[in-house]
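S.K.: The amino acid sequence is not available; the structure is as follows:
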């Protein structure tokens, strides 16, 4: 009941005409930028961050929620019509969606993706509403030691467990952590690794890192390796309407996708790749038409898309209630919060209840706007896809550099941006994941603060992390996550 | 057994970064108040982490190469062979932009960046790209300066933009 009342007052905030307008603008911009090939949700959010500098926090964050959802939505359109998944979580959609489009069924593919995203997003938002206050209750009991242990858990899952290579994930994480150390130490005020450069004293901005890795790095990579690829944009012919059969095959897939996506998003284990692939293989197994998989099966679009969106919403649970980002996009959202001097976490639900619940309510509203906006306007987004690749990337870089430059009006930030671009290029070419670096940059300083706080309270006694039950549990699970797969591999290897 | 040069270079790079971090950490203050650890503790941990990752990566380089890495064959990755001019033109655009933005202003630097990147992506219509880049940069400039009140340099175009009442 308490939650219900909080949500109602949240709707009061979200439905204020001005906030509704920001939500609307966010959703539209998010879709428009998210639809651009090569621009995933993380980059969309990072590029649009500078636009909100002059807004009040509530309006800005509502706009951001819209951008986040819009970007997810726009990305699906691109994946289906162009077969260039903007992010790894869209690969499953590309498998079936693009084949449906090739077979002249682009309309139903887009429709099941849009409606599935709406259904998954709405259910996931309800789950977020119900779950967040529970997590907050638990999190209020957390001290610095528990937070630190939880962050170690998040680092480990994101860097070491989820990727293709543990060591490359850890290397990426360490680079992010190192970048996070640059600047003034928040506890003692002494500068670290700034080498007397004033621009570095402020620390490395998450927008510069994200835009460098995702926009500059991507542009360098595509220019070097893909600029002469010819892509075929599938035509959107025929009706958007789904047949009765399409509906019957879609709706169970939407629900199953949501059920897979939300938990994966909400435990600090990050990434929408796993649930989307799980959903894809589940649908393939359960389908009455398994032979259609690989040639355009509608369940193969409906399930993964729902999983992807549910997972994106699930990510907001640890982000809002614990202040822990578990994806690159969530890390950038956390950066946006910090720009406004807001630190997400359990206390935020008490100190700024209007803001948090306004944000959650705006997710419901944003979902509806998306559905209304996207299906009828699909023709416009298809036009966006027709922008020639050379002009598209040129435009993206003009915007990308703007965000970095407007921080200090300094070319040093542009140089930093380019260095991150080179890093992004190398990381993409040699298979080093970028998300751990972004998460390390933003979460590293928070983890350090909690670590030093915990030790201050215990007067320098490091055993505090292992004697507090919650903290010890998190650390034990983390250790298991690293050791068990390694042991399993060894045992299997020995058995051969 | 073949050692891949880029993997070797990147592994050594991570190792060097870790070593440099360790050296820089040694010069950081260490007094830590109640916690008993100071501003140099985390940098030390990160330096150790980077060195460990560097060594691990090196070990992989000499024992068959990085595990589960992207294919060296561009076609298998869905790419073309490395096309240096693309990389160079995008870099040139970004270089011109960062060198000129403080002097020539946002619009001129933006136009050059736009043209450079477009060239890198195979465009051969330089005049069109410069014109289009100028137009886009001008619209962005006006939007940020007039509407969002974000300060951007007008540079050499200041007299022109100034006399137009901007």
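M.R.: Received, thanks. Please read these numbers as outputs of a predicted model, since none were measured by experiment.

S.K.: Return, as residue ranges, the portions of chain B with sub-threshold pLDDT.
M.R.: Across chain B, the ranges flagged by pLDDT under 70 are B:1, B:32, B:162-166.

S.K.: just the strands in the stretch 151-300 of chain A please.
M.R.: A:183-184, A:191-192 (DSSP state E, counting those that start in this stretch).

S.K.: surely residue A:100 meets residue A:108?
M.R.: Yes: in this structure residue A:100 lies within contact range of residue A:108 using C-beta atoms under 8 Å: 6.9 Å. C-beta coordinates here come from the backbone N, C-alpha and C atoms, glycine included.

S.K.: returning to what we had before: format the strands of the stretch 151-300 of chain A as JSON lines; extra columns: mean neighbour count and mean pLDDT.
M.R.: Formatted as JSON lines, the strands of the stretch 151-300 of chain A follow (neighbours: other C-beta atoms under 10 Å in any protein chain shown; pLDDT from 0 to 100):
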{"stretch": "strand A:183-184", "mean neighbour count": "17", "mean pLDDT": "91"}
{"stretch": "strand A:191-192", "mean neighbour count": "20", "mean pLDDT": "90"}
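
S.K.: Quick check: which of these is nearest to chain B?
M.R.: strand A:191-192 (6.0 Å; C-beta to the nearest C-beta).

S.K.: Which strands and helices lie in contact with that closest one?
M.R.: Helices and strands touching strand A:191-192, by 3 or more C-beta pairs under 8 Å, 6 or more residues apart in numbering or on different chains; DSSP states H and E, are strand A:183-184.

S.K.: what's the strand it packs on in contact with?
M.R.: Under the criterion C-beta atoms under 8 Å, 6 or more residues apart in numbering or on different chains, residues A:190-194, A:200-204 lie in contact with strand A:183-184.

S.K.: From these, pick the one nearest chain B.
M.R.: residue A:190 (5.1 Å).

S.K.: check contacts around the closest residue to chain A within chain B.
M.R.: Closest approach between chain B and chain A, counting by C-beta to the nearest C-beta: residue B:36, at 2.9 Å. Residues in contact with residue B:36 (C-beta under 8 Å, 6+ apart) are A:455, A:459-460.

S.K.: measure residue A:307 to chain B for me?
M.R.: 24 Å (C-beta to the nearest C-beta, to the nearest Å).

S.K.: Neighbours of that residue, how many?
M.R.: Neighbourhood size, residue A:307 [other C-beta atoms under 10 Å in any protein chain shown]: 37.

S.K.: Now residue A:201. Nearest residue, chain neighbours left out?
M.R.: residue A:194 (4.9 Å; C-beta to C-beta, 6 or more residues apart in numbering or on different chains).

S.K.: So the one you found sits against residue A:181, correct?
M.R.: No: using C-beta under 8 Å, residue A:194 makes no contact with residue A:181, being 10.0 Å away.

S.K.: so where do the helices sit in chain B?
M.R.: B:5-26, B:41-62, B:74-77, B:84-104, B:106-120, B:126-142, B:158-163 (DSSP state H).

S.K.: Redo those as JSON lines? Include distance to residue A:133.
M.R.: Putting the helices of chain B into JSON lines (distance: least, C-beta to C-beta, whole Å) gives the following:
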{"stretch": "helix B:5-26", "distance to residue A:133": "42"}
{"stretch": "helix B:41-62", "distance to residue A:133": "33"}
{"stretch": "helix B:74-77", "distance to residue A:133": "46"}
{"stretch": "helix B:84-104", "distance to residue A:133": "47"}
{"stretch": "helix B:106-120", "distance to residue A:133": "46"}
{"stretch": "helix B:126-142", "distance to residue A:133": "42"}
{"stretch": "helix B:158-163", "distance to residue A:133": "52"}
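
S.K.: Now which of the contacts of residue B:36 would you call buried?
M.R.: residue A:455 (16 or more other C-beta atoms under 10 Å in any protein chain shown).

S.K.: and which of the contacts of residue B:36 is nearest to chain B?
M.R.: Of the contacts of residue B:36, the one sitting nearest to chain B (C-beta to the nearest C-beta) turns out to be residue A:460, at 2.9 Å.

S.K.: Give me the spatial nearest neighbour of the closest one, chain neighbours excluded.
M.R.: According to C-beta to C-beta, 6+ apart, the nearest residue to residue A:460 is residue B:36 (2.9 Å).

S.K.: Need phi/psi at the one you found.
M.R.: Dihedral pair for residue B:36: phi 80, psi 0, per degrees, to the nearest 10.

S.K.: Return the distance of it relative to residue A:458.
M.R.: The spacing between residue B:36 and residue A:458, counted by C-beta to C-beta, to the nearest Å, is 9 Å.

S.K.: Count the residues that sit near the closest residue to residue B:103 other than its chain neighbours.
M.R.: Excluding its sequence neighbours, the residue lying closest to residue B:103 (C-beta to C-beta, 6+ apart) is residue B:155, at 6.0 Å. Applying other C-beta under 10 Å, we find 17 other residues in the vicinity of residue B:155.

S.K.: follow-up on the earlier one: right, and the helices of chain B - which one's nearest residue A:374?
M.R.: Each of these has some distance to residue A:374 by C-beta to C-beta; the shortest is helix B:126-142, at 25.5 Å.

S.K.: can you pull the pLDDT of the closest residue to residue A:41 other than its chain neighbours?
M.R.: Nearest residue to residue A:41, sequence neighbours excluded (C-beta to C-beta, 6+ apart): residue A:71, at 3.9 Å. As predicted, residue A:71 sits at a pLDDT of 87.

S.K.: immediately after the helix or strand hosting residue A:71, which helix or strand?
M.R.: If you go by DSSP states H and E, residue A:71 is part of helix A:57-82. Heading C-terminal from helix A:57-82, the first helix or strand you meet, by DSSP H and E, is helix A:91-102.

S.K.: which bits of the stretch 201-350 of chain A sit near chain B?
M.R.: Proximity of the stretch 201-350 of chain A to chain B (C-beta under 8 Å from any C-beta of the partner chain) is limited to residues A:216, A:219-220, A:222-229.

S.K.: That's all I had, so thanks and see you.
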